[in-house]
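1. coordinates only, sequence not included:
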């Protein structure tokens with residue numbers, strides 16, 4: 001029995017019938033439960049936490065339009081019906097927006113909050129439209145800035161899980177080997193916060209064609225005993241729990257056999 005806590009239902013309506021498509025896939029794959037973790041920027045109420053005066057703000061406005069109360073009400077209704085679902089959210093960490101993010105998250109009974117970094121300033125590092133920035137930047141510097149942001153994010157205490165920790169590799173741009181020595185210092189500090197990290201099978205479905213995190217990062221995770229969950233980052237029902245068997249073998253190859261369930265911000269271990 002296991003769980004998948006990184007699932008997005010935003011491509012369909014906020015209805016029990018649509019939600020059940022994701023739950024049914026999970027149960028058919030032997031999962032105990034799933035957690036829905038809609039992107040915070042999708043909600044009108046999240047603009048102050050995720051927007052900007054530049055491109056990022058324009059992008060967020062384009063992709064928002066949903067009401068967070070409708071989302072939370074749907075998941076709470078599903079829970080009341082006995083459906084095996086948890087209430088989560090994936091929130092972008094924007095340095096300097098900690099207060100706005102806290103105010104956005106505070107009113108709701110989250111089972112967990114996934115913290116992710118998709119933006120460095122107004123640069124969307126995983127956007128196809130921004131590939132030209134990758135072509136002209138210093139990759140080592142980007143990695144160092146990105147992982148410093150990950151460490152700061154972990155230190156805020158606003159998040160329970162770090163999502164796809166090395167998303168920065170999505171298009172296959174790699175740093176020089178020496179950069180990982182500095183990244184290890186970030187991981188050592190992250191371990192002190194007690195936050196959980198996500199092993200995400202979504203990496204296999206991205207241009208990089210590699211699970212998140214890489215072997216280099218997994219070695220650090222094992223060294224510092226950082227707790228893990230395995231997630232899919234599914235945006236369609238068929239991707240729920242996708243490639244979990246491969247992910248479990250990957251995790252176990254580093255001597256790790258424990259993952260975690262989440263409930264009202266508390267986590268409980270289970271064996272794989």
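-> Noted; the coordinates are in hand. All figures in this text were calculated on a predicted structure; none of them were measured in a lab. Residues are numbered from 1 along each chain as shown.

2. longest helix in this protein, by residue count?
-> helix 139-155 (DSSP state H).

3. residues in contact with it?
-> 93, 95, 115, 117, 120, 125, 159, 162, 165, 168, 173-176, 179, 182-183, 186, 189-190, 193, 195 (C-beta atoms under 8 Å, 6 or more residues apart in numbering). The way it works is simple: take the backbone N, C-alpha and C, and place the C-beta from them, glycine included.

4. from the residues you listed, which land in strands?
-> 115, 120, 162 (DSSP state E).

5. wait, the last one touches residue 200, no?
-> No. Here residue 162 lies out of contact with residue 200, judged by C-beta atoms under 8 Å, at a distance of 10.2 Å.

6. so what's the residue nearest to the spatial centre of the chain up against?
-> Centroid-nearest residue in the chain, with C-alpha atoms, centre = their mean: residue 163, separated by 2.7 Å. Shown in contact with residue 163 (C-beta under 8 Å, 6+ apart): 6, 90, 114-116, 198, 200, 231, 233.

7. only the buried residues of the worst-scoring helix or strand of the chain on mean pLDDT, if you could.
-> One helix or strand of the chain scores below all others by mean pLDDT, DSSP states H and E: helix 131-136, with a mean of 94. For helix 131-136, the neighbour count (16 or more other C-beta atoms under 10 Å) marks residue 134 as buried.

8. who's in contact with that helix?
-> Applying C-beta under 8 Å, 6+ apart, the contact partners of helix 131-136 are 123, 125, 171, 173.

9. how about 7 Å then?
-> For helix 131-136, contacts defined as C-beta atoms under 7 Å, 6 or more residues apart in numbering pick out 123, 171, 173.

10. count the residues that sit near residue 181.
-> Neighbourhood size, residue 181 [other C-beta atoms under 10 Å]: 8.

11. let me fix that, I meant to ask about residue 63.
-> 12.

12. got the contacts of helix 131-136 as CSV, with neighbour count and pLDDT columns?
-> Shown next, in CSV, are the contacts of helix 131-136 (neighbours: other C-beta atoms under 10 Å; pLDDT from 0 to 100):
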residue, neighbour count, pLDDT
123, 16, 98
171, 16, 98
173, 16, 97
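
13. follow-up on the earlier one: the least confident helix or strand of the chain: how far from the chain's middle?
-> Relative to its parent chain, helix 131-136 has a centroid offset of 24 Å by C-alpha atoms, centre = their mean, to the nearest Å.

14. most neighbours among the contacts of residue 163, which one?
-> Ranking the contacts of residue 163 using other C-beta under 10 Å puts residue 231 first, with 30 neighbours.

15. okay, it: pLDDT?
-> Looking at residue 231, its pLDDT is 98.

16. ok, now which ones touch the residue nearest to it when sequence neighbours are not counted?
-> Spatially, and ignoring its direct neighbours in sequence, residue 231 is nearest to residue 6 (3.4 Å; C-beta to C-beta, 6 or more residues apart in numbering). Listed by C-beta under 7 Å, 6+ apart, the contact partners of residue 6 are 37, 114, 163, 198, 200, 231-233.

17. circling back to that earlier point, from the contacts of helix 139-155, list just the buried residues.
-> 93, 115, 117, 120, 125, 159, 162, 165, 168, 173, 175, 179, 183, 186, 189-190, 193, 195.

18. burial count for residue 209?
-> Count around residue 209 with other C-beta under 10 Å applied: 9.

19. what strand or helix carries it?
-> Using DSSP states H and E, residue 209 sits within no helix or strand.

20. and if you look at residue 72?
-> helix 68-80.

21. can you list contacts of stretch 175-186?
-> By C-beta under 7 Å, 6+ apart, stretch 175-186 touches 139-140, 143-144, 147-148, 150-151, 216, 220.

22. kind regards, and thank you for your time.
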